[in-house]
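Undergrad: got a predicted structure plus its sequence, pasted below:
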Amino acid sequence: MKAPAALSSHPDYAARGLNPERLAAILEYAGGEVLDVGCGNGAYVLHLADRLRIRGVDYRTFDAWVARPELFSVSDAQQLTLPDNAVDTILSFETLEHLPDPSKAMAEYFRVCRQGLILTVPNCDLTPGMRGSGIIFNHWIDRTHVNFWDVDSIAELVAQSGFRIRLKAHINQINLSPFFAEALGLRDRRARLFGKLFKRLQRRTYPMTCLVVADKIPS
């Protein structure tokens, strides 16, 4: 039997928008010249092009690149077509989980950047409550993902690649209230009121994403 479309599909990177927590990390930690590796539709490149010297690369082209074609090019994250120390900061958002050799990509990030790295990957840490309820993050069922990390293990990979960890954190907290409102049969106004109450009572959050900011240690 064929899996339902919602389970067999993977995120549409052609439609991906800006994430406020990733954007805040860029504005706080990135240098003046930035390369977004695995940029997808180039949302961050296009948004920041007037503030930073920023470019984007991905393994294929995206329609959105037509708006500013000079800012984008096709390149393999594991073999970047740039010289050593070409940019201040590498961005790598939701990219490493797709690659057959993430260590090779990390070596390329280290080679190409002068200052550091801002990286996110899906958080694959499941709590006892999630396991007991049979609930998992949707990225566990994305068939394009071949690597899985929690915040400590991705930070370890970054450190092993020669970077000094500056920040490791969780971002993208999921909103559980729609799930529980559905389970209780609440709709419309009652569901909205429940959502407000649930937010006040919630004692634990469930982040979907691991964020690592790191500085390059000169070799």
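TA: Arrived safely.
Undergrad: show me where this protein has strands.
TA: Secondary structure of the chain by DSSP state E: the strands cover 33-37, 53-58, 72-74, 87-93, 113-122, 163-173, 207-216.
Undergrad: let me have these in CSV, extended by distance to residue 16.
TA: Every residue, glycine included, has its C-beta placed from N, CA and C. Below are these laid out as CSV (distance: least, CB to CB, whole Å):
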stretch, distance to residue 16
strand 33-37, 12
strand 53-58, 11
strand 72-74, 15
strand 87-93, 9
strand 113-122, 12
strand 163-173, 13
strand 207-216, 13
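Undergrad: so which of those strands comes closest to residue 152?
TA: Evaluated with CB to CB, the strands of the chain place strand 163-173 nearest to residue 152, the distance being 7.5 Å.
Undergrad: that closest one: partners in the sheet, and parallel or antiparallel?
TA: Counting by DSSP bridges, the strands paired with strand 163-173 are strand 207-216 (antiparallel).
Undergrad: quick one: contacts of the strand it pairs with?
TA: 21-22, 25, 29, 94, 110, 113-123, 137, 139, 149-151, 154-155, 158-159, 162-174 (CB atoms under 8 Å, 6 or more residues apart in numbering).
Undergrad: give me the buried entries from those residues.
TA: Buried subset of these (neighbour count, 16 or more other CB atoms under 10 Å): 22, 25, 29, 94, 110, 113, 115-123, 137, 139, 149-151, 154-155, 158, 162-163, 168, 170-172.
Undergrad: and residue 131, how many residues sit next to it?
TA: Residue crowding around residue 131 was assessed by other CB atoms under 10 Å; the count is 10.
Undergrad: so what secondary structure elements neighbour the longest helix along the chain?
TA: Longest helix in the chain by number of residues (criterion: DSSP state H): helix 188-201. Packing partners of helix 188-201 (3 or more CB pairs under 8 Å, 6 or more residues apart in numbering; DSSP states H and E): helix 177-183.
Undergrad: redo the strands of the chain as TSV? Include mean pLDDT.
TA: Formatted as TSV, these follow (pLDDT from 0 to 100):
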stretch	mean pLDDT
strand 33-37	98
strand 53-58	98
strand 72-74	98
strand 87-93	98
strand 113-122	98
strand 163-173	97
strand 207-216	97
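Undergrad: so which of those comes closest to residue 133?
TA: strand 207-216 (16.4 Å).
Undergrad: pLDDT at residue 6, what is it?
TA: With respect to pLDDT, residue 6 scores 38.
Undergrad: next one: residue 179, what pLDDT does it get?
TA: For residue 179, the model assigns a pLDDT of 89.
Undergrad: residue ranges with poor pLDDT in the chain?
TA: By pLDDT under 70, the low-scoring segments of the chain are 1-14.
Undergrad: the same query, at a cut-off of 50, please.
TA: Low-confidence regions of the chain, defined by pLDDT under 50, span residues 1-10.
Undergrad: next, the buried residues of stretch 200-217.
TA: Using 16+ other CB under 10 Å as the burial criterion, the residues of stretch 200-217 that qualify are 206, 207, 208, 209, 210, 211, 212, 213, 214, 216.
Undergrad: what sits against the first one?
TA: The reference is to residue 206. Counted by CB under 8 Å, 6+ apart, residue 206 has contacts 127, 130, 173, 174, 176.
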